[in-house]
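Novice: Got a sequence here, can you build the structure:
(chains A, B, C and D)
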Protein chains: 2
Amino acid sequence: MTAKLDHRQAGVKAGTAELGSSREQILDAAARVFATRGYSDASINEIAAEAGFSKGALYWNFSSKEGLFFALLDERIDAPIRALFEMTEAAPADQTMEKQVSRGLAAVLEQERDLVLLFHEYSAMAARDPHLREKYVERNVMLRAGLARAFEARVAALGAKPAVGAEEIATAVIALADGLSIEQLTEPEVVSEELFGQILSLILDGLAARAKGCI
Amino acid sequence: MTAKLDHRQAGVKAGTAELGSSREQILDAAARVFATRGYSDASINEIAAEAGFSKGALYWNFSSKEGLFFALLDERIDAPIRALFEMTEAAPADQTMEKQVSRGLAAVLEQERDLVLLFHEYSAMAARDPHLREKYVERNVMLRAGLARAFEARVAALGAKPAVGAEEIATAVIALADGLSIEQLTEPEVVSEELFGQILSLILDGLAARAKGCI
DNA sequence: TACATCATACCGACCATCCGGTATGTTCCT
DNA sequence: AGGAACATACCGGATGGTCGGTATGATGTA
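Specialist: Numbering: from 1, shown residues only, chains lettered A, B, ... in the order given. Presented below is the predicted three-dimensional model:
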């Protein structure tokens, strides 16, 4: 809700190159502070200071702390994931997919560490608050459905009925991505760039092997 | 630290069956409150009230809010996982392992929802606090090593060099379990009892198929 | 046994602090 | 002038932690 319009468009102050509207600057700061402190321990004051503004500016652009956090989730997590999967719809489901997806995930994890932490907080809060859970689940359902269609296409080429349903595969693959994201936060060195793709390939090979009956 | 002995042994007051020491009762209450509110939003007062005690009793048994939380993580998460894997050491790595492990995970997820939420909070805090990360990583390293040995035994039977290292497989399997645990918190209906085991089998079959060269 | 002493386990009022939110003041642009 | 876009002072409430007090039992001893 409250798809507020920005109040001004990227003005330039003397000598300093402005990076987006103050609303966007506050969102950037909020992402950093929420990520490093967690939702409850992140204070409005610190976010405003980190953005280079005062509390007044924050409450001018957002209705409340909760409103700021939800805007952040909407614009930095839900929207990008939706956009990603609208792109994926048009893309082919060939054998190079695994490597590309794996590299893409690794890139997001390496940069954008804050977003991973935010996503972590998101799911934790969604697990507790039924109201927030709705939005969280809605996006996840769409994601899973998209992934399931992709797997369906790959598995259909095998000609035999798959040993595990596409929806289940999709569920597990999302879980794998989430889990690797989290592991990478505490042990970056054990999650290689290729790992996600390798496991994906192993799962698909396992399906293929069973379809061929060579196991 | 402070492996405090219980102060009294399960006395029985008139008519009411005591369920463990007051320390244990406070830990139980803390598990519930921390799980439902999150660490920061859980108040000492609520935990004490939930346990049926006052704040004084809480601070008698624990040094601080942080101390209470860490004790909870130590005794209800780290210790059980360590114990589980010391048992696993002696167990055989036969083909029925997948099903058993999957059922075991499902059972924990179905009951003990609080522990899953606690674990979620644990990893989030470990990702932010380097001090807490040490303990978190230490346990995870041991877990991964144990799993890797189990996979090594299974894969060695194939006779060929595996396409993916045992350590990497273990990393991915832990990630899968973590991810499924989290998904189950928001969408219990999509995570079946058998899913974890099915994916495990698919991965192992993928390895076997490649070793046999039939892919 | 009877009394004094001490430790344990707990209570609950209190304090200093901090935080989200608001109300009001100030500046700048048009 | 007049409103948009901030800054600042302030308020009420909640929270973690402290501290003096106390009931209950254990221990020593005469």
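
Novice: Can you list the helices and strands that the helix ranked longest in chain A packs against?
Specialist: Assignment by DSSP state H gives helix A:130-156 as the longest helix of chain A. For helix A:130-156, the packing partners by 3 or more CB pairs under 8 Å, 6 or more residues apart in numbering or on different chains; DSSP states H and E come out as helix A:79-90, helix A:113-128, helix A:166-186, helix A:195-212, helix B:166-186. C-beta: built from backbone N, CA, C; applies to glycine.

Novice: for these, which one sits closest to DNA strand C?
Specialist: With respect to DNA strand C, and counting by CB to the nearest atom of the strand, the nearest of the helices and strands packed on helix A:130-156 is helix A:113-128 at 14.0 Å.

Novice: which residues are in contact with that closest one?
Specialist: Helix A:113-128 is touched from outside by A:31-32, A:34-36, A:38-39, A:72-73, A:76-77, A:108-109, A:132-133, A:135-137, A:178, A:181-182, A:184-185, B:36-38, B:117, B:120-121, B:123-124, B:127-128, B:182, B:185-186, with contacts defined as CB atoms under 8 Å, 6 or more residues apart in numbering or on different chains.

Novice: for the record, mean pLDDT for it?
Specialist: The average pLDDT within helix A:113-128 is 97.

Novice: cool, stretch A:180-196 as well?
Specialist: 97.

Novice: List the buried residues of it.
Specialist: A:180-187, A:190-192, A:194-196 (16 or more other CB atoms under 10 Å in any protein chain shown).

Novice: Quickly check the residues you listed for the two that are furthest apart.
Specialist: A:186 and A:194 (20.0 Å; CB to CB).

Novice: which stretches of chain A have low pLDDT?
Specialist: By pLDDT under 70, the low-scoring segments of chain A are A:1-19, A:91-95.

Novice: residue of it with the smallest distance to DNA strand D?
Specialist: In chain A, no residue comes nearer to DNA strand D than residue A:56, which is 2.0 Å away by CB to the nearest atom of the strand.

Novice: Show me which residues of chain A sit near DNA strand C.
Specialist: Residues of chain A found near DNA strand C (CB under 7 Å from any atom of the strand) are A:42-46, A:55-56, A:59, A:64-66.

Novice: make it 6 Å
Specialist: Within chain A, the positions near DNA strand C by CB under 6 Å from any atom of the strand are A:43-45, A:55-56, A:59, A:64-65.

Novice: Serialize those residues to JSON lines and add fields for secondary structure and distance to residue A:89.
Specialist: Output for the residues of chain A next to DNA strand C, formatted as JSON lines (DSSP: H, G, I helix; E, B strand; the rest coil; distance: CB to CB, whole Å):
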{"residue": "A:43", "secondary structure": "coil", "distance to residue A:89": "41"}
{"residue": "A:44", "secondary structure": "helix", "distance to residue A:89": "39"}
{"residue": "A:45", "secondary structure": "helix", "distance to residue A:89": "43"}
{"residue": "A:55", "secondary structure": "helix", "distance to residue A:89": "42"}
{"residue": "A:56", "secondary structure": "helix", "distance to residue A:89": "43"}
{"residue": "A:59", "secondary structure": "helix", "distance to residue A:89": "39"}
{"residue": "A:64", "secondary structure": "coil", "distance to residue A:89": "36"}
{"residue": "A:65", "secondary structure": "helix", "distance to residue A:89": "36"}
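
Novice: which among those residues gets closest to chain B?
Specialist: The nearest member of the residues of chain A next to DNA strand C to chain B, counting by CB to the nearest CB, is residue A:43 at 11.3 Å.

Novice: dump the residue contacts of the closest one.
Specialist: Taking CB under 8 Å, 6+ apart, we find residue A:43 in contact with A:33, A:37.

Novice: From residue B:90, how far out is the residue nearest the centre of chain A?
Specialist: Centroid-nearest residue in chain A: residue A:77, 4.9 Å away (criterion: CA atoms, centre = their mean). Residue A:77 sits 44 Å away from residue B:90, going by CB to CB, to the nearest Å.

Novice: now residue A:68
Specialist: In terms of CB to CB, residue A:68 sits 52 Å off from residue B:90.

Novice: How about residue A:20?
Specialist: 59 Å.

Novice: So for these two, which sits in the more crowded spot?
Specialist: Taking neighbours as other CB atoms under 10 Å in any protein chain shown, residue A:20 and residue B:90 compare with residue A:20 leading, 13 against 6.

Novice: Does the stretch of helix or strand residue A:35 belongs to pack against any helices or strands, and if so which?
Specialist: Assigned by DSSP states H and E, residue A:35 belongs to helix A:22-37. Helix A:22-37 is packed against helix A:44-51, helix A:55-61, helix A:65-73, helix A:113-128, with contacts defined by 3+ CB pairs under 8 Å, 6+ apart.

Novice: Out of those helices, which one sits most buried?
Specialist: Highest mean neighbour count among these (mean count of other CB atoms under 10 Å in any protein chain shown): helix A:113-128, with a mean of 21.

Novice: any idea how far it is from the chain center?
Specialist: Here helix A:113-128 is found 9 Å from its chain centre; the criterion is CA atoms, centre = their mean, to the nearest Å.

Novice: That helix vs helix A:166-186, what angle?
Specialist: 120 degrees (axes from the mean of the first three to the mean of the last three CA atoms, to 10 degrees).

Novice: In space, what's closest to residue A:50 - neighbours in sequence excluded?
Specialist: residue A:29 (3.9 Å; CB to CB, 6 or more residues apart in numbering or on different chains).

Novice: what residues are up against the one you found?
Specialist: A:47-48, A:50-52.

Novice: what about 10 Å?
Specialist: Contacts for residue A:29 (CB atoms under 10 Å, 6 or more residues apart in numbering or on different chains) come out as A:46-53, A:58.

Novice: May I see those arranged in TSV, with distance to DNA strand D as well?
Specialist: Output for the contacts of residue A:29, formatted as TSV (distance: CB to the nearest atom of the strand, whole Å):
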residue	distance to DNA strand D
A:46	13
A:47	12
A:48	7
A:49	10
A:50	12
A:51	8
A:52	7
A:53	4
A:58	8
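
Novice: ok, residue A:146 touching residue A:88?
Specialist: Yes. Applying CB atoms under 10 Å, one finds residue A:146 in contact with residue A:88, separated by 6.3 Å.
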